[in-house]
Structures are given as C-alpha cells and as structure tokens.
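# for reference, the sequence and a predicted model appear below.
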Amino acid sequence: MNKPLLGVALGGILGIFDGLTAWFTPAVRPMIIGIVIGSTFKGMIAGVCAGLFARKVRSVPAGVVFGLLVGLGLAYLVAAMPSETGEHYYFEIMLPGSILGAIVGWATQAYGQAPGASAA
C-alpha cells in the first residue's frame with residue numbers, strides 16, 4: 001500500500017479510537033458521535049500529511065516527529081474551540097491527537113510502500 005493511502009486508512013481507524021477517548025470526559029458524552037466523526041477526519045488529514053512526508057523524507061524518527069507535530073497541531077485547532085459550556089479541553093484532545101500522529105508517522109515510514117516499488 002502506498003504511503004499516503006496507508007496514512008489515510010490508519011489515520012481514519014485511529015481517529016475513531018481518538019474520538020472514543022472523549023467518553024472519559026463526562027461533559028461531552030452527549031456529543032460522542034460528532035466527536036468520533038470529527039476525529040476520524042482529523043486522523044485522515046494527519047495520515048495523508050504523514051504519508052506525503054514519508055514519500056519525500058525516508059527517516060523513521062523524522063516521520064514520527066512530523067506526525068506528532070501534525071497531530072498536535074490539528075488537535076490544537078479543535079481544542080481551541082470552546083465546548084457548548086465554554087470550556088476548553090486541551091489535554092483531553094491534544095494528547096490522543098498527538099499520539100495518533102506519531103503512530104501514523106511511524107507506520108507510513110516503516111510500512112508504506114515507496115512509489116515505483118513493486119508488491120512482491
């Protein structure tokens with residue numbers, strides 16, 4: 001599987017679990033479906049970014065750091081928006097988002113197929 005496609009697929013799957021971590025914040029439980037959907041798209045965006053980065057730079061540590069920073073940045077954009085009660089959940093959103101990015105960054109570097117490589 002090519003690197004961006006792997007990133008999108010893995011980012012979407014991990015995004016579901018990222019969104020499900022909202023269950024541990026009781027104040028946002030009524031919005032869990034919307035959070036899971038948003039986190040899935042956020043994971044897919046982080047995944048395609050990590051996959052495109054992995055095409056250009058072939059370094060696992062650089063891929064992990066890049067993925068972590070992209071996940072952290074996207075999570076910050078979401079966390080900066082206040083909830084319906086006016087509260088911000090920076091830690092609760094940014095921690096799983098950065099972990100998602102780091103995992104996707106690692107996976108695209110370690111398991112993604114380089115362009116032009118044949119599947120054996």
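Happy to help now that I have it.

# I'd like to know which elements the helix or strand containing residue 100 is packed against.
Following DSSP states H and E, one finds residue 100 within helix 90-111. Applying 3 or more C-beta pairs under 8 Å, 6 or more residues apart in numbering; DSSP states H and E, we find helix 90-111 packed against helix 3-20, helix 32-56, helix 60-79. Heads up, the C-betas are built off the backbone N, CA and C, glycines and all.

# the closest residue to residue 13 other than its chain neighbours and residue 73, how far apart?
Among residues not flanking residue 13 along the chain, residue 43 sits closest, at 7.6 Å (C-beta to C-beta, 6 or more residues apart in numbering). For residue 43, the distance to residue 73 (C-beta to C-beta, to the nearest Å) stands at 13 Å.

# which of these two has more residues huddled nearby?
residue 43 (31 against 15; other C-beta atoms under 10 Å).

# isn't the residue nearest to residue 13 right up against residue 98?
No. Between residue 43 and residue 98 there is no contact under C-beta atoms under 8 Å: 11.8 Å.

# one step back: contacting residues for the residue nearest to residue 13?
11, 12, 13, 14, 15, 16, 18, 100, 104 (C-beta atoms under 8 Å, 6 or more residues apart in numbering).

# kindly report the same for residue 9.
1, 47.

# could you dump the contacts of residue 43 to JSON lines with pLDDT?
Listed next are these as JSON lines, based on pLDDT from 0 to 100:
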{"residue": "11", "pLDDT": "96"}
{"residue": "12", "pLDDT": "96"}
{"residue": "13", "pLDDT": "97"}
{"residue": "14", "pLDDT": "96"}
{"residue": "15", "pLDDT": "95"}
{"residue": "16", "pLDDT": "96"}
{"residue": "18", "pLDDT": "94"}
{"residue": "100", "pLDDT": "96"}
{"residue": "104", "pLDDT": "97"}
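
# just put these in a markdown table and tack on neighbour count and distance to residue 48.
Compiled in a markdown table, these are given as follows (neighbours: other C-beta atoms under 10 Å; distance: C-beta to C-beta, whole Å):
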| residue | neighbour count | distance to residue 48 |
| --- | --- | --- |
| 11 | 32 | 7 |
| 12 | 19 | 10 |
| 13 | 16 | 14 |
| 14 | 25 | 13 |
| 15 | 27 | 12 |
| 16 | 13 | 16 |
| 18 | 27 | 16 |
| 100 | 31 | 13 |
| 104 | 36 | 9 |
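
# sounds good, over and out.
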